[in-house]
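In: Quick one, fold the following:
(one chain, ligands or ions: 1)
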Amino acid sequence: MHVRTLTGGLAAACLISLAMAGGHAAAAPHVASVPAAAARVLTYDAGGSAEFRSAVDRGAAIWNESVDAVELRPAAAGQRANIRVLADDGWPRALPTTLGSGTVYIGRQAVDQGYDTVRISAHELGHILGLPDRKPGPCSSLMSGSSAGTSCTNRYPNSAEKAEVEGNFGGALVGRAPAPHRGVIVD
Ligand SMILES: [Zn+2]
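Out: Numbering: from 1, shown residues only. Prediction:
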């Protein structure tokens, strides 16, 4: 009885091994021919961002370079954008509505103090992508925002911030994407 059970177990293990080997052999060419899951496209309208327009475009491009799950694309003329980017004289802030949409203000108050306009843009877009502030924090963190000081010109999210956005928009995790922060996120 004991021996029989052991034999059965070995047979099962062999079957699993064969199945895995077969599955792997069959899957390899299949995986190579199928593109990765398409990125979720979010449109943004930087038409109201005045002198910061190129900084906003750069901030969006940085996210496109940094993550695969989401792509920020300028809205076509007349198209209602997911994200509106405006310039004003206040402090930079984001007003997320749902994950991936909302309004961003590139506030001149911080720019006048010497903060980097592209870092501000990428940071505020980070809020729209579901990231909270991480303050105080080092310059290597995009979401440390102004706490890293005016000398900080790092415009890129760190690996944890990238992973969080991938998780927020990733196909496998899409059902449990965290709710974005509601209301105004200042800076
Ligand atoms: Zn912030």
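
In: Every contact and neighbour count from this point should use C-alpha atoms.
Out: OK.

In: Residue 116 and residue 148 touch, don't they?
Out: No: using Cα atoms under 8 Å, residue 116 is not in contact with residue 148, being 11.2 Å away.

In: so where's this structure uncertain?
Out: 1-36, 171-182 (pLDDT under 70).

In: List the residues that contact the residue of the chain found nearest the ion.
Out: Residue nearest to the ion within the chain (Cα to the ion): residue 187, separated by 3.9 Å. By Cα atoms under 8 Å, 6 or more residues apart in numbering, the contact set of residue 187 is 91-94, 120, 124, 145-146.

In: before we move on, what about residue 156?
Out: Contacts of residue 156 by Cα under 8 Å, 6+ apart are 62-63, 66, 119, 122, 140-142.

In: and those residues, which of them are in strands?
Out: Using DSSP state E, no member of those falls in strands.

In: The host helix or strand of residue 103 pairs with which strands, parallel or anti?
Out: For residue 103, the host element (DSSP states H and E) is strand 102-107. Partner strands for strand 102-107, per DSSP bridges, with pairing direction: strand 83-88 (parallel), strand 93-96 (antiparallel).

In: which other residues reach that strand?
Out: So strand 102-107 is in contact with 49, 52, 82-97, 117, 120-121, 124-125, 128, going by Cα under 8 Å, 6+ apart.

In: Might you calculate how far the next helix or strand after that strand sits from the centre of the chain?
Out: Sequence-wise, the next helix or strand downstream of strand 102-107 (DSSP H and E) is helix 108-113. With Cα atoms, centre = their mean, to the nearest Å as the basis, helix 108-113 stands 25 Å off its chain's centre.

In: can you start the count at 447 instead of 1 from here on
Out: Will do, 447 is the new start, and the previous item becomes helix 554-559.

In: What residues sit buried inside helix 554-559?
Out: 554, 556-557 (16 or more other Cα atoms under 10 Å).

In: so does it get close to the ion?
Out: No: interface with the ion: helix 554-559 contributes nothing (Cα under 5 Å from the ion), its closest point being 12.1 Å away.

In: Excluding its own residues, what touches that helix? List them.
Out: By Cα under 8 Å, 6+ apart, the list of residues contacting helix 554-559 reads 533-538, 563, 596.

In: Among those, name the ones in helices.
Out: Of the contacts of helix 554-559, the ones assigned to helices by DSSP state H are residue 563.

In: What subset of the contacts of helix 554-559 is buried?
Out: 533, 538, 563.

In: Grab the nearest non-local neighbour of the second one.
Out: With Cα to Cα, 6 or more residues apart in numbering as the criterion, residue 538 has its nearest non-adjacent residue at 4.1 Å, and that residue is residue 553.
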